[in-house]
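Q: this one's sequence-less:
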């Protein structure tokens, strides 16, 4: 079992929280047909920013760091307000939301997987935790907005990108790669899969019910 120190600087976690709050608020503020108020936009920004970290720590049976440390809430809340104010400027920049989404997934996936490894979680479990950390905020966003949960629908390789990034980090650290380098490569792998998938519409095939053949008598 691979056990290693949790070597992620606080500023990286806060940077990820800030980008998550920004992306979540930009997404929510763009949903004008839902008539989401100011508080609602901030709540969704907080959910995207902190949801993955919260679910990660619950799964790992750790005190939720986003609750116990004030900086997370302050950075996430401030970024959500900023995202709400900037949304009219970036209203037509769909590429920005997609890019922020991919980067946030990569960052949170790397942080979650490395934290799991530092606690002695095996490779398979660390992969699951990495995916949960990467997509947890998006799941909470979809639940709050009553949208189809992204990773359960036919979509642009949402969980696949998260899993590929986290899996890459786990393999690299197994060969002794320092966490900062492995985390950066995790981010690049996640983004390199997610963005082309969004751009070109790459998806898994949709499941189809098996059609029973009609039997005809002689």
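A: Happy to help now that I have it. Every value quoted in this text rests on a predicted model; they were computed, and no experiment measured them.
Q: which residues of this protein score low on pLDDT?
A: Low-confidence segments of the chain (pLDDT under 70): 1-7, 153-156, 206-218.
Q: need the helices for it, in chain order.
A: With DSSP state H, the ranges of helices along the chain come out as 10-30, 38-59, 65-68, 70-86, 94-118, 123-144, 158-174, 179-200.
Q: was I right about residue 136 contacting residue 51?
A: Yes - using CB atoms under 8 Å, residue 136 is in contact with residue 51, at 4.6 Å. All C-beta atoms are positioned from the backbone trio N, CA, C, and that covers glycine.
Q: rewinding a little: switch the helices of the chain over to TSV; also include distance to residue 151.
A: TSV is the format used below for those (distance: least, CB to CB, whole Å):
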stretch	distance to residue 151
helix 10-30	16
helix 38-59	12
helix 65-68	21
helix 70-86	22
helix 94-118	11
helix 123-144	5
helix 158-174	4
helix 179-200	12
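Q: could these go into a markdown table alongside distance to residue 150 and mean neighbour count?
A: Formatted as a markdown table, those follow (distance: least, CB to CB, whole Å; neighbours: other CB atoms under 10 Å):
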| stretch | distance to residue 150 | mean neighbour count |
| --- | --- | --- |
| helix 10-30 | 11 | 24 |
| helix 38-59 | 12 | 23 |
| helix 65-68 | 21 | 16 |
| helix 70-86 | 19 | 20 |
| helix 94-118 | 10 | 25 |
| helix 123-144 | 5 | 23 |
| helix 158-174 | 5 | 23 |
| helix 179-200 | 11 | 20 |
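Q: tell me the contacts of residue 130?
A: Counting by CB atoms under 8 Å, 6 or more residues apart in numbering, residue 130 makes contact with 109, 110, 112, 113, 116, 162, 163, 165, 166, 167, 169, 170.
Q: let's see 6 Å
A: 109, 112, 113, 166 (CB atoms under 6 Å, 6 or more residues apart in numbering).
Q: what's the answer for residue 49, then?
A: Applying CB under 6 Å, 6+ apart, the residues near residue 49 are 17, 20, 21, 76.
Q: ok, so of the residues you listed, who is nearest residue 95?
A: residue 20 (17.9 Å; CB to CB).
Q: I'd like the distance between the closest residue to that closest one other than its chain neighbours and residue 170.
A: Excluding the flanking residues, the one nearest residue 20 by CB to CB, 6 or more residues apart in numbering is residue 49, at 3.5 Å. Using CB to CB, to the nearest Å, one obtains 24 Å as the distance from residue 49 to residue 170.
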